[in-house]
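Participant: pasting the structure only:
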C-alpha cells in the first residue's frame, strides 16, 4: 500500500514595499525585495501561494466609508504591478486584497483588533487565513504600502 506525500503549508517570509505618492510603478528596490522574498521562500520549500494587500495613499476605509475612485484605481494599478512582477518570477497562485475597496473582506476586518478577527475566508478559496497572516498585514500595512506574504509548502 502506498501513501501520498503530505505537505504542510506554513507562512513563509514576508516583505513590505513602499510606493511613491500617487505612483503605481515598482522601484528597482521594491522589485529586488520581491525577488529576495521568493528566493528565501523557495529555499525552504515550494511557494504554494503569495498573498498581497495593497493600499492607496489613504488608510483602508472604515465601516460606512468609501475611498475615492482615484484611490481605488491607484491601489488597483499597484496590485497589477505587483502581480506582474510575481508572475514574472514564476509565481502562479497570487491572491490580492485592494485595501482601498470596501468590498474586500480584509478591508472590513482590518480596523478590528486581532482578537475580533474571524477566519471567514482565505487560502484555497475555503481554507481559513492564518491569524498570523492577518497580523502581518495589520502590523505592516499602511497608506502607500503593499504587504506581501508567502505561503510555503513543506514536504513531510
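Facilitator: Looks like it arrived, so ask away. Predicted model only: the values in this text are computed from it and were never measured.

Participant: mind showing which ranges of this protein have poor pLDDT?
Facilitator: Across the chain, the ranges flagged by pLDDT under 70 are 1-7, 102-129, 155-156.

Participant: tell me which element the residue nearest in space to the middle of the chain is part of?
Facilitator: For the chain, residue 52 is the residue whose C-alpha lies nearest the centre (C-alpha atoms, centre = their mean; 1.8 Å). Secondary structure from DSSP states H and E places residue 52 in strand 46-54.

Participant: Could you spell out the sheet neighbours of that strand, each with its direction?
Facilitator: Strand 46-54 sits in its sheet next to strand 94-98 (parallel), strand 145-155 (antiparallel), going by DSSP bridges.

Participant: right, so of those, which gets closest to residue 41?
Facilitator: strand 145-155 (4.1 Å; C-beta to C-beta). Where C-beta positions appear, they are placed from N, C-alpha and C, glycine not excepted.

Participant: Output the contacting helices and strands for the top helix by length along the chain.
Facilitator: Criterion DSSP state H: the longest helix present in the chain is helix 69-88. Contacts defined by 3 or more C-beta pairs under 8 Å, 6 or more residues apart in numbering; DSSP states H and E place helix 69-88 against helix 28-44, strand 46-54, strand 94-98, strand 145-155.

Participant: Quick check: which of those is buried the most?
Facilitator: strand 46-54 (a mean of 23; mean count of other C-beta atoms under 10 Å).

Participant: can I get the strands paired with strand 46-54 in CSV with distance to residue 46?
Facilitator: Output for the strands paired with strand 46-54, formatted as CSV (distance: least, C-beta to C-beta, whole Å):
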stretch, distance to residue 46
strand 94-98, 15
strand 145-155, 5
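
Participant: before we move on, back to that, the residue nearest to the centre of the chain bridge partners, please.
Facilitator: With DSSP bridges as the rule, residue 52 is bridged to residue 96, residue 148.

Participant: Quick check, it in contact with residue 84.
Facilitator: No. Using C-beta atoms under 8 Å, residue 52 is not in contact with residue 84, being 11.7 Å away.
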